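Q: the sequence and its predicted three-dimensional model are supplied below.
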Amino acid sequence: MKHSILRYGLAAGLLSVLVACSDMATSKADAAVDPTSTIFMANQPGVPNGWVTDFKGALELAKKENRPVLIDFTGSDWCGWCKKLDREIFSKDAFKEYAKDNLVLLYLDFPSGKPQSDDLKAQNAQLQKEFGVRGFPTLVLLSPDGKKIWENVGYLKGGPDAMIAAINKATGK
């Protein structure tokens, strides 16, 4: 009798651990599918912190939070002007602080040596065509409802202050 109670207790304990583990796995899987929970993919390889790669997810978040989307069409591992833009604007604390509260950042990369999934390559190629991007870097600002309100082709001089001023002008701030 003692042994069957003990076995029942152990079995119930193991079952609860398995259920908890499967719930965690489900939550992570659900998070990977739900764009609003994966939109800040901080550990995504090759993507700077704070930037996302999912266009539809970025638009959903922009609409939900009433923030514009800044799209960076970049050749991150081969384009000198793209690297300069990242180094002199996007990686600066002033821009990061501004973006955190005011923008959804969408990173559309066209690398020569970094691996990307086929889905990501297809999405980026489609968006390049849709927005008529012919050179890198190209920056596009979308309103929270997805309409293009500003574009800059090439490097933007003036550091974070110039970028923030251009975005504020385009959004009417």
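A: Yep, it's here. Numbers count the residues shown, from 1 in each chain.

Q: low-confidence regions, this protein specifically.
A: 1-44 (pLDDT under 70).

Q: and Leu70, helix, strand or coil?
A: On the three-state scheme (DSSP: H, G, I helix; E, B strand; the rest coil), Leu70 is labelled strand.

Q: got a list of what it touches?
A: With contacts defined as C-beta atoms under 8 Å, 6 or more residues apart in numbering, the neighbours of Leu70 are 99, 103-106, 139-141, 167. For every residue, glycine as well, the C-beta is placed using N, CA and C.

Q: what's the nearest residue to it once chain neighbours are set aside sitting at in phi/psi?
A: Distances taken as C-beta to C-beta, 6 or more residues apart in numbering place Leu103 nearest to Leu70, at 4.9 Å, with adjacent residues excluded. Phi and psi for Leu103, reported as degrees, to the nearest 10, are phi -140, psi 160.

Q: shouldn't Leu103 be in contact with Arg67?
A: Yes: taking contacts as C-beta atoms under 8 Å, Leu103 lies within contact range of Arg67: 5.8 Å.

Q: so what sits against both of those two?
A: Residues within reach of Leu103 and of Arg67 at once, by C-beta under 8 Å, 6+ apart: there are none.

Q: so which of the contacts of Leu70 sit within helices?
A: When the contacts of Leu70 are checked against helices (DSSP state H), the matches are 99, 167.

Q: who wins for neighbours among the contacts of Leu70?
A: Using other C-beta atoms under 10 Å as the neighbour criterion, Val104 leads those with 26 neighbours.

Q: residue contacts, it?
A: Val104 makes contacts with 39, 52, 58, 61-62, 65, 67-70, as judged by C-beta under 8 Å, 6+ apart.

Q: partner residues bridging it?
A: Val69 (DSSP bridges).

Q: from Ala58, how far out is it?
A: Distance of Val104 to Ala58, computed by C-beta to C-beta, to the nearest Å: 5 Å.

Q: could you give the bridge partners of the residue nearest to the spatial centre of the chain?
A: Computing the C-alpha centroid of the chain and ranking residues by C-alpha atoms, centre = their mean puts Val52 first, at 0.7 Å. With DSSP bridges as the criterion, Val52 is bridged to Leu106.
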